[in-house]
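[1] Pasting a predicted model and its sequence here:
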Amino acid sequence: MDDDAIVIADTAGIIRFWSTGAEKLFGHTAATALGQSLDLIVPTEYREAHWRGFQRAIASGSAEAEGQASTFPARMACGETATLAGRLTLVRQMQGKVIAAMMVFQ
């Protein structure tokens, strides 16, 4: 699992888990990423759409892209934007309430 780029954000979009693979992929250390907004890796031109979709998924408990292999624009530490393949999973409590969003990038 250390090689997998895994990012978990809470319902406010704050990064709570940042794997070693995410460090390698994005170029940010866990110490830098943890506690930061997802804006750290969401390119500026995609932020409005990202937050609209993120908030809708958290509130409704479902996301169109959940469980599907999809591509996502991402901002790297060097400032470049890349298109990454990944899979979104909404993390839920036993009662079904969404408590986080997890992305696994390839």
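    Happy to help now that I have it.
[2] can we go C-alpha only for contacts and neighbour counts from here?
    Will do.
[3] what helix or strand is the residue in the chain sticking out farthest from the centre on?
    Distance from the centre of the chain peaks at residue 95, with 22.8 Å (C-alpha atoms, centre = their mean). Using DSSP states H and E, residue 95 maps to neither a helix nor a strand.
[4] for it, phi and psi?
    Main-chain dihedrals, residue 95, degrees, to the nearest 10: phi -80, psi -10.
[5] cool, residue 21 as well?
    Here is the backbone geometry of residue 21 (degrees, to the nearest 10): phi -60, psi -40.
[6] What's the separation between it and residue 41?
    Relative to residue 41, residue 21 is positioned 14 Å away (C-alpha to C-alpha, to the nearest Å).
[7] who does the longest helix seen in the chain touch, helix- and strand-wise?
    When the chain is parsed with DSSP state H, its longest helix is helix 47-60. Packed against helix 47-60 by the contact rule (3 or more C-alpha pairs under 8 Å, 6 or more residues apart in numbering; DSSP states H and E) you find strand 98-105.
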